[in-house]
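Asker: Show me the folded form of this:
(one chain, ligands or ions: 3)
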Amino acid sequence: MILIFCSAPTLAPIVSQNERRSASGAVSSKHFHMAVDVILGLQWGDEGKGKIVDVLAKNYDIVARFQGGPNAGHTLKFDGKKFVLHTIPSGIFRKQLINLIGNGVVIDPITFKREIEKLVDAKIDYAQRLLIARKAHLILPTHRYLDAAKEAAKGDRKIGSTLKGIGPTYMDKTGRNGLRVGDTLRPNFIEKYQALKEKHIGLLAQYPKIDFDLDGEEKKWFESLEVLKSLPFVDSEYYINKAIKKGKKILAEGAQGSMLDIDFGTYPFVTSSNTITAGVCTGLGIAPGKIGEVIGITKAYCTRVGGGPFPTELNDEVGAFLRQAGQEFGATTGRPRRCGWIDIPQLKYTIMLNGVTQLAITKIDVLDQLETISICTSYNVDGEEKTDLPYDLCNFDIQPQYKSHEGWKSDLTASRSFLDLPENTQSFVERLEKLLDTPVSMISTGPERTQLIHKPMETVAS
Ligand code: GDP
Ligand code: IMO
Ligand code: MG
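Answerer: Ligands and ions are numbered 1, 2, ... in the order given. Here you go, the predicted structure:
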């Protein structure tokens, strides 16, 4: 199969698929307005989504989060400043741009208030640009209490949750017990809150006791809720579909990574939402046909934070080197991230699940000093060579099979164009494109907004 992409570097995410569709003549552009591009992580999270969204946001009218909650930690660096966002979309620092927290997100008013305080400190004018979906669910203090009690009870089968209350909140959502943002303005809100809290206290009795200052957290929660309530609440499904009709461009920002997806990730070591492209439709209320470019982000190596299988993990000095050079410590919890080599079977799986149309490779600079870089191209599963991921990565003996690539041994952090990169870096990127059968459109060479190379997308022949 031959894929043909247009080569306008900075605008590529906005226009290329629209052009591709109309050029093929398959669908009339009149009936096929693909207004929503997607950015999401292809590994186990922390791929650098915040940075890429922040860079590309200037090409869009709206940036929208569609799933997850304050388990996310998205880091942005520009003009010598650093911000970590948990619930607020990464377009907030671009003037004029609307940022929407969609119905698929779960919101903890306490974390949210802290994030708003950081925006106030930085003199960011957010008040009319940050919209909250009425149908988004609320994380209660007792959801966090339950998260902590459940994890403590699991002993060495711990998922390594961020303890932000994500699992219990989504459980109440699917169990049809949850509290939603819109409920906060209803006369029976306190009654509903109390009923859910009582239910949680009943459940907590099943777990060993842990320390949790419920009264203190509850007081903070209600105070913080006033900050949330000071922002515009919207019926986001109408808001976003009307915006699409008006020709607005929307960027959907994923949280976590595809390998943490509740259906397709390394279950049960996953989060509780659909982190893949499909989650954009349910988490914002848009139809699949409105999705345009799907930009999949992968590090030039791989990391994971928390428990669960990780076939290419390096428990040696190379793993320690990657952690140090990449400053691989969780943006939300500060935990050291587990590090390993890039994994092609894993990436092919998530490219397939997401319908990725272009790739962004981040943190390539972290490999600058290595003599040799390894690329896992297949697995030996219980003695058999495989390129498909087995049903359950936990219960098979998986031996990653590697090919090596000669390192470039030079500093990439100041590089700004693909052709300026050392030959071995260019061939590394091109090798990944071939192995993954997907074009690379961006290469990130450092955490700053300016450290990004736009690579013209060319034909990738499989
Ligand atoms: P996210 O959750 O996907 O937004 O990623 P995180 O913010 O949790 O983690 C990515 C980390 O890598 C952050 O500290 C970023 O500042 C940093 N980062 C992003 N891109 C690059 C890059 O190309 N090179 C280096 N060295 N650091 C980067
Ligand atoms: P961003 O958006 C990396 C991991 C946790 C744990 C598992 C379940 O910054 O990429 P949860 O709190 O959801 O119950 O935890 O998922 N996890 C993440 N790992 N990046 C994230 O978000 C993550 N969000 C959750 O470490 O293993
Ligand atoms: Mg993160």
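
Asker: all helices for the stretch 301-450 of the chain, in order.
Answerer: Using DSSP state H, counting those that start in this stretch, the helices of the stretch 301-450 of the chain run over 317-325, 344-354, 423-436.

Asker: Buried deepest among the ones you listed, which one?
Answerer: Stretch with highest mean neighbour count among the helices of the stretch 301-450 of the chain: helix 344-354 (a mean of 21; mean count of other C-beta atoms under 10 Å). For glycine as for every other residue, the C-beta is placed from the backbone atoms N, C-alpha and C.

Asker: one step back: need the helices of the stretch 301-450 of the chain in JSON lines (columns: mean pLDDT).
Answerer: Formatted as JSON lines, the helices of the stretch 301-450 of the chain follow (pLDDT from 0 to 100):
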{"stretch": "helix 317-325", "mean pLDDT": "97"}
{"stretch": "helix 344-354", "mean pLDDT": "98"}
{"stretch": "helix 423-436", "mean pLDDT": "98"}
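
Asker: wait, which of those is closest to A72?
Answerer: helix 344-354 (17.4 Å; C-beta to C-beta).

Asker: and the angle for the closest one with helix 423-436?
Answerer: 60 degrees (axes from the mean of the first three to the mean of the last three C-alpha atoms, to 10 degrees).

Asker: Next, format the helices of the stretch 301-450 of the chain as JSON lines and append distance to G383.
Answerer: What follows is the helices of the stretch 301-450 of the chain, written out as JSON lines (distance: least, C-beta to C-beta, whole Å):
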{"stretch": "helix 317-325", "distance to G383": "26"}
{"stretch": "helix 344-354", "distance to G383": "16"}
{"stretch": "helix 423-436", "distance to G383": "23"}
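
Asker: could you dump those helices to TSV with distance to ligand 3?
Answerer: Output for these, formatted as TSV (distance: least, C-beta to the ion, whole Å):
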stretch	distance to ligand 3
helix 317-325	15
helix 344-354	16
helix 423-436	22
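
Asker: quick one: which of the ones you listed is nearest T75?
Answerer: helix 317-325 (16.0 Å).

Asker: What helices and strands are in contact with that closest one?
Answerer: strand 338-340 (3 or more C-beta pairs under 8 Å, 6 or more residues apart in numbering; DSSP states H and E).

Asker: The strand it packs on near ligand 2 anywhere?
Answerer: No - legend: contact between strand 338-340 and ligand 2 by C-beta under 6 Å from any ligand atom is lacking; minimum distance shown is 10.1 Å.

Asker: and that strand, how far out from the chain's middle?
Answerer: 18 Å (C-alpha atoms, centre = their mean, to the nearest Å).

Asker: distance of the residue of the stretch 251-400 of the chain found nearest ligand 2 from F269?
Answerer: At 2.1 Å from ligand 2, G306 is the closest residue in the stretch 251-400 of the chain, using C-beta to the nearest ligand atom. Between G306 and F269 the distance, using C-beta to C-beta, to the nearest Å, works out to 7 Å.

Asker: center of the protein - which residue?
Answerer: A255 (2.6 Å; C-alpha atoms, centre = their mean).

Asker: so is it in a helix, a strand, or just coil?
Answerer: When classified by DSSP: H, G, I helix; E, B strand; the rest coil, A255 comes out as coil.

Asker: The closest residue to it other than its chain neighbours: what's it in contact with?
Answerer: Spatial nearest neighbour of A255, chain neighbours left out: G68 (3.3 Å); criterion: C-beta to C-beta, 6 or more residues apart in numbering. By C-beta atoms under 8 Å, 6 or more residues apart in numbering, the residues touching G68 are 105-106, 166, 254-256, 271, 273, 275.

Asker: Show the pLDDT at G68.
Answerer: We have a pLDDT of 98 for G68.

Asker: where's it relative to ligand 3, distance?
Answerer: 10 Å (C-beta to the ion, to the nearest Å).

Asker: ok, is stretch 56-76 in contact with ligand 1 or not?
Answerer: Yes - for stretch 56-76 and ligand 1, the contact criterion (C-beta under 6 Å from any ligand atom) is met by 73-75.

Asker: among the residues you listed, who's most crowded?
Answerer: H74 (26 neighbours; other C-beta atoms under 10 Å).

Asker: And that one, its phi and psi?
Answerer: phi -110, psi 120 (degrees, to the nearest 10).

Asker: N424 against L412, yeah?
Answerer: No - N424 is not in contact with L412 according to C-beta atoms under 8 Å; the separation is 10.8 Å.

Asker: Near ligand 2, which residues of the stretch 351-462 of the chain are found?
Answerer: Counting by C-beta under 6 Å from any ligand atom, no residue of the stretch 351-462 of the chain is near ligand 2.

Asker: likewise the chain?
Answerer: So far as C-beta under 6 Å from any ligand atom goes, the chain lies against ligand 2 at 41, 44-46, 71-74, 159-162, 164, 166-167, 255-257, 260, 271, 305-307, 331.

Asker: which residue ranges form the strands in the stretch 301-450 of the chain?
Answerer: Listed in chain order, the strands of the stretch 301-450 of the chain (DSSP state E, counting those that start in this stretch) span 302-304, 338-340, 342-343, 358-362, 372-381, 384-386, 398-406, 440-444.

Asker: I meant to write the stretch 151-300 of the chain there.
Answerer: Using DSSP E, counting those that start in this stretch, strands in the stretch 151-300 of the chain cover 233-234, 250-253, 291-299.

Asker: elements contacting the last one?
Answerer: With contacts taken as 3+ C-beta pairs under 8 Å, 6+ apart, strand 291-299 sits against helix 12-24, strand 36-41, helix 49-56, helix 344-354, strand 358-362.

Asker: For those, which has the smallest mean pLDDT value?
Answerer: helix 12-24 (a mean of 40).

Asker: which ones are touching F233?
Answerer: 131-134, 181-182, 185.

Asker: ok, what's across the strand from it?
Answerer: Judged by DSSP bridges, the bridge partners of F233 are I132.

Asker: quick one: it and I101, what's the gap?
Answerer: F233 is 10 Å from I101, where distance means C-beta to C-beta.

Asker: so what's in contact with the two at the same time?
Answerer: 131-133.

Asker: Include distance to G285, neighbour count and pLDDT when you put these into CSV, please.
Answerer: Output for the shared contacts of F233 and I101, formatted as CSV (distance: C-beta to C-beta, whole Å; neighbours: other C-beta atoms under 10 Å; pLDDT from 0 to 100):
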residue, distance to G285, neighbour count, pLDDT
L131, 13, 20, 98
I132, 14, 24, 98
A133, 8, 29, 98
